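Student: predicted coordinates and the sequence they were generated for:
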Amino acid sequence: MRMTRRFRVSAVRPWAASMLVLMATASAAVAADNDRAAPPPPPPEAPAAAQPQPAVIERIVAVGDVHGDHAQLIRALRAAEVIDAEGKWIGGKTHLVQTGDVFDRGPTSRQAMDLLMRLEGEAARAGGGVHALIGNHEAMVLAGNWSYLTADEIDSFGGEEEFRKAVGPEGKYGKWIRSHDAVLKLNDVLFVHGGLRASWAGQSLKEINDAVRSELAESKMEDVAGDPSGPLWDRRYSLDESPEVLEELDAVLRRHGARFMVVGHTVTRERVAVRCEGRVVCIDVGMSAAYGGPAACLVIDKDGFREVSHDRPPRKLEVRAPAAVPVAPMPTTPAPATPQSPATPSDTVAPAKAPPTKASPSAAPQGEPVPAGH
């Protein structure tokens with residue numbers, strides 16, 4: 001408790017009063033001196049800055065349609081030297097892009113997704129990245145179209161009811177897929193499952209991705225996710241190299257500040273293939289056992305564009321960027337590929353120059369290569 005002593009001034013002798021004044025003055029001076037000597041409190045520590053993404057990604061690996069073949073995905077990733085014999089990430093700062101269609105036509109899509117989900121974390125910790133895009137088969141499965149699922153594929157989830165929960169909006173795999181992009185740009189390359197046409201390229205990539213995710217959040221394919229000429233379904237750049245298509249492609253690339261486009265969706269006869277005078281690289285090599293293709297994928301690095309595979313030496317790809325021109329307004333949107341009536345799926349690979357037509361997304365796409373018995 002602080003005690004205060006009161007003095008009667010009249011009772012204090014003159015010399016004592018002087019002493020009291022001197023003592024009070026000295027105490028005030030010491031207090032003031034202490035205040036001047038105390039250092040100011042340190043400013044609050046600034047939060048650590050977020051790690052910036054590299055302006056240029058030095059190495060990109062892109063893998064096409066997996067279609068339920070985990071073993072072939074493993075072979076392709078090992079050929080690209082991003083995983084070791086135990087399936088662990090060794091790619092360092094490499095960015096891996098899987099362009100969609102992990103589901104359907106094979107029994108091990110769940111294992112393939114588990115692998116990609118694990119590699120996402122391992123790659124991020126190493127300074128790299130894993131980007132699994134949405135393909136038309138992911139959209140179909142999430143929207144309830146199970147036309148191409150195999151019995152073994154459903155059984156791997158524990159049966160139909162467990163599969164339905166797993167791919168639902170709150171399920172492990174459904175939530176994961178619904179968080180993904182449909183279109184991605186790394187460096188000067190656009191990655192998309194089917195192709196980005198002028199009819200959608202007027203929107204930003206974020207707007208396109210948000211629209212796809214919004215539809216799939218409601219398990220629907222009513223607009224961009226189900227458009228036969230949309231990014232999940234279109235095949236024109238893989239099948240048509242006419243002057244009109246090249247003009248449209250160049251305008252789309254300019255619109256998004258890109259020089260190349262990498263697509264899956266359409267199985268090629270010549271493994272990783274270059275189309276549209278070197279602007280488009282097609283990476284759906286039919287690696288699934290359903291097609292019997294190779295475990296091959298695309299590598300982009302300081303040496304250019306190369307195919308790597310489990311069964312052949314690397315092969316350099318002859319790509320050629322369009323002339324560098326300023327971003328231009330999009331041309332008048334061309335008429336989309338005409339949707340066809342649902343047809344009986346062919347059991348052969350789509351011919352390289354087949355017309356780029358599509359069926360209703362609710363059924364098998366016209367010209368989509370479907371193995372016999374599937």
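Tutor: Great, that's in hand. Numbers count the residues shown, from 1 in each chain.
Student: just to be sure, Val97 is in a helix?
Tutor: No. Val97 is assigned strand when assessed by DSSP: H, G, I helix; E, B strand; the rest coil, not a helix.
Student: now it, which residues is it bridged with?
Tutor: Assessed by DSSP bridges, Val97 has beta-bridge partners Ala62, His131.
Student: residue contacts, it?
Tutor: 60-63, 131, 133, 184, 186, 191, 262 (C-beta atoms under 8 Å, 6 or more residues apart in numbering). For glycine as for every other residue, the C-beta is placed from the backbone atoms N, C-alpha and C.
Student: distance of the residue nearest the centre of the chain from Glu153?
Tutor: In the chain, the residue lying closest to the centroid (C-alpha atoms, centre = their mean) is His131, at 3.5 Å. According to C-beta to C-beta, to the nearest Å, His131 stands 23 Å off from Glu153.
Student: so where's the stretch 1-150 of the chain uncertain?
Tutor: 1-54 (pLDDT under 70).
Student: what about the helices in it?
Tutor: 14-37, 70-79, 109-125, 136-142 (DSSP state H, counting those that start in this stretch).
Student: starting at the chain centroid, how far to the second one?
Tutor: So the one you mean is helix 70-79. 19 Å (C-alpha atoms, centre = their mean, to the nearest Å).
Student: now it - C-alpha only, PDB.
Tutor: C-alpha atoms of helix 70-79 as PDB (Å, rounded to 0.1, in the frame of the first residue of the first chain):
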ATOM      1  CA  HIS A  70      -2.000 -47.100 -62.200                       C
ATOM      2  CA  ALA A  71       0.900 -49.300 -63.300                       C
ATOM      3  CA  GLN A  72       1.300 -47.400 -66.600                       C
ATOM      4  CA  LEU A  73       1.200 -44.100 -64.800                       C
ATOM      5  CA  ILE A  74       4.000 -45.300 -62.500                       C
ATOM      6  CA  ARG A  75       6.100 -46.300 -65.600                       C
ATOM      7  CA  ALA A  76       5.600 -43.000 -67.200                       C
ATOM      8  CA  LEU A  77       6.500 -41.000 -64.100                       C
ATOM      9  CA  ARG A  78       9.600 -43.100 -63.600                       C
ATOM     10  CA  ALA A  79      10.600 -42.600 -67.200                       C
END
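Student: out of the contacts of Val97, which is nearest to Ile83?
Tutor: Of all the contacts of Val97, Ile83 sits closest to Val61, with 10.3 Å by C-beta to C-beta.
Student: wait, the closest one sits on Ala296?
Tutor: No. Between Val61 and Ala296 there is no contact under C-beta atoms under 8 Å: 11.4 Å.
Student: what's the first-to-last distance across stretch 176-196?
Tutor: 23 Å (C-alpha to C-alpha, to the nearest Å).
Student: nearest to Arg275, of the contacts of Val97?
Tutor: Out of the contacts of Val97, the member with the shortest distance to Arg275 (by C-beta to C-beta) is Val262, at 10.8 Å.
Student: would you verify that that closest one is located in a helix?
Tutor: No. Val262: not assigned to a helix; according to three-state DSSP it is strand.
Student: from Ser238, how far off is it?
Tutor: For Val262 relative to Ser238 (C-beta to C-beta), the value is 11 Å.
Student: so what sits against both of those two?
Tutor: In contact with both Val262 and Ser238: Val280, using C-beta under 8 Å, 6+ apart.
Student: which outside residues touch stretch 285-292?
Tutor: Applying C-beta under 8 Å, 6+ apart, the contact partners of stretch 285-292 are 64-69, 72-73, 76, 105-106, 267-268, 271-272, 293-297, 349, 369, 371, 374.
Student: got the buried residues for that stretch?
Tutor: Residues of stretch 285-292 classed as buried: 285-291 (neighbour count, 16 or more other C-beta atoms under 10 Å).
Student: will you turn those residues into CSV that also has secondary structure?
Tutor: As requested, the buried residues of stretch 285-292 are exported to CSV (three-state DSSP):
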residue, secondary structure
Val285, coil
Gly286, coil
Met287, coil
Ser288, coil
Ala289, coil
Ala290, coil
Tyr291, coil
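Student: now do the strands in the chain.
Tutor: 60-63, 95-98, 129-132, 183-186, 189-192, 260-263, 273-275, 280-282, 296-301, 304-309, 315-316, 339-340, 358-359 (DSSP state E).
Student: on that earlier part again, closest one to Gly91 out of the buried residues of stretch 285-292, please.
Tutor: Nearest to Gly91, judged by C-beta to C-beta, of the buried residues of stretch 285-292 is Met287 at 18.8 Å.
Student: all set, thanks.
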